[in-house]
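# Sequence first, then the predicted structure, then my questions.
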Amino acid sequence: MRAQTSSAVLLAAAVALTTLSGAPVQAQSNNYDLIGARASSADSQLRDRGYVSGNGGEGRNNSRYVYWRRGDDCIQVLTRDGRVNSIVPAHINYCRGISDSSSSGNNTAAAVVAGVAIVGLAAAIAAHNRHHDDADRDHDDEYSRGYQAGLYGSDYDDRHETEGYHEGYLAGESEASNRRHANSRWVRGAPTAAQEACSRRADDFQNRPYGSSVPIGVRDLGRGEYELTMATGSYRSRCIVSASGEVRAMNPY
């Protein structure tokens with residue numbers, strides 16, 4: 001599966017994505033035109049459009065992901081071999097710490113990130129490839145195709161099924177479930193500082209890139225302490241944390 005096909009899948013998936021409230025998501029076509037462009041050129045274009053870059057990380061096979069912010073609009077840009085491979089909306093939490101260069105947020109994007117968060121493809125592929133040391137680019141592209149389909153709730157493509165696609169689809173379904181729980185009113189009732197601290201600690205605990213872990217359950221222990229059940233893909237852990245974000249303990253689920 002070529003990168004162009006994967007990019008088309010990402011665009012179709014973004015159009016089909018809905019928030020938990022049922023509001024439709026509209027793809028940001030002014031950014032998708034950068035797919036396939038050289039990374040340096042895309043960076044310049046995004047800055048011209050009012051975006052500011054922030055945290056990111058390295059993936060396998062010469063890939064890198066970076067988060068960009070413009071107002072309430074947070075996106076993840078994945079590059080491979082020096083060219084843009086995908087651009088997808090991301091939860092605003094991924095863009096915390098990035099200076100807001102726009103005083104007026106994008107209302108549609110704000111509605112998206114309020115209900116849906118997307119773990120970076122590079123993070124998911126890197127974790128997957130720990131069990132597939134011989135995975136090549138075709139396998140990674142197929143995994144990405146399946147992951148996006150499962151994440152966005154698309155029908156399983158049994159006509160073009162491959163091992164990479166199948167494993168990616170299952171991982172995408174698992175991640176979609178994690179994100180639905182993470183964005184429930186019940187879980188979001190936990191202090192933000194506690195959620196962020198446990199997310200970072202769970203990433204370290206599971207040896208995953210930042211942004212891979214989300215809380216899917218919470219229990220108030222009293223006296224300003226909480227127990228958060230953390231999801232990192234299909235893995236679970238339990239985090240004891242104070243309301244101010246001081247992690248007391250991190251244990252397997």
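Right, received. Where do you want to start?
# element containing the nearest residue to L151 once chain neighbours are set aside, please.
Nearest residue to L151, sequence neighbours excluded (CB to CB, 6 or more residues apart in numbering): G172, at 3.8 Å. Every C-beta, even on glycine, is put in place using the N, C-alpha and C of the backbone. Counting by DSSP states H and E, the element that carries G172 is helix 163-182.
# which stretches of this protein have low pLDDT?
For the chain, residues meeting the criterion pLDDT under 70 lie at 1-30, 55-62, 99-123, 126-127, 130-135, 152.
# All the helices of it, in order from the start?
Ranges of helices within the chain are 3-16, 29-32, 39-48, 107-115, 121-129, 137-152, 163-182, 185-188, 192-205, based on DSSP state H.
# Which neighbouring elements make contact with the third one?
Read it as helix 39-48. Judged by 3 or more CB pairs under 8 Å, 6 or more residues apart in numbering; DSSP states H and E, helix 39-48 is in contact with strand 52-58, strand 73-80, strand 83-89.
# how about it: buried residues?
Along helix 39-48, these residues count as buried under the neighbour rule (16 or more other CB atoms under 10 Å): 39, 42-43, 45-46.
# ok, back up a step: would you format the helices and strands packed on helix 39-48 as CSV with mean neighbour count and distance to A190 included?
Compiled in CSV, these are given as follows (neighbours: other CB atoms under 10 Å; distance: least, CB to CB, whole Å):
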stretch, mean neighbour count, distance to A190
strand 52-58, 16, 23
strand 73-80, 24, 21
strand 83-89, 23, 24
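# mind checking which of those strands is nearest A124?
A124 lies closest, by CB to CB, to one member of those: strand 73-80, at 10.8 Å.
# Please work out the angle formed by the directions of that closest one and strand 83-89.
Interaxial angle of strand 73-80 relative to strand 83-89 (axes from the mean of the first three to the mean of the last three CA atoms, to 10 degrees): 150 degrees.
# Put the alpha carbons of strand 73-80 into CSV.
Output of strand 73-80 as CSV, limited to C-alpha atoms (Å, rounded to 0.1, in the frame of the first residue of the first chain):
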residue,chain,number,x,y,z
ASP,A,73,-7.1,23.6,16.7
CYS,A,74,-4.5,20.9,17.5
ILE,A,75,-3.2,18.7,14.7
GLN,A,76,-0.6,16.0,14.4
VAL,A,77,1.7,16.0,11.4
LEU,A,78,3.5,12.7,10.6
THR,A,79,6.5,12.9,8.2
ARG,A,80,8.4,10.0,6.7
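# so how far is that strand from its chain's centroid?
Computed by CA atoms, centre = their mean, to the nearest Å, the separation of strand 73-80 from the middle of its chain amounts to 10 Å.
# Which strands and helices lie in contact with that strand?
Against strand 73-80 (3+ CB pairs under 8 Å, 6+ apart) you get helix 39-48, strand 63-70, strand 83-89, helix 107-115, helix 121-129.
# could you list every residue that touches I75?
By CB atoms under 8 Å, 6 or more residues apart in numbering, the contact list for I75 reads 28, 31, 51, 67-69, 87-90.
# what's the answer for S177, then?
If you count contacts by CB under 8 Å, 6+ apart, then S177 has nothing around it.
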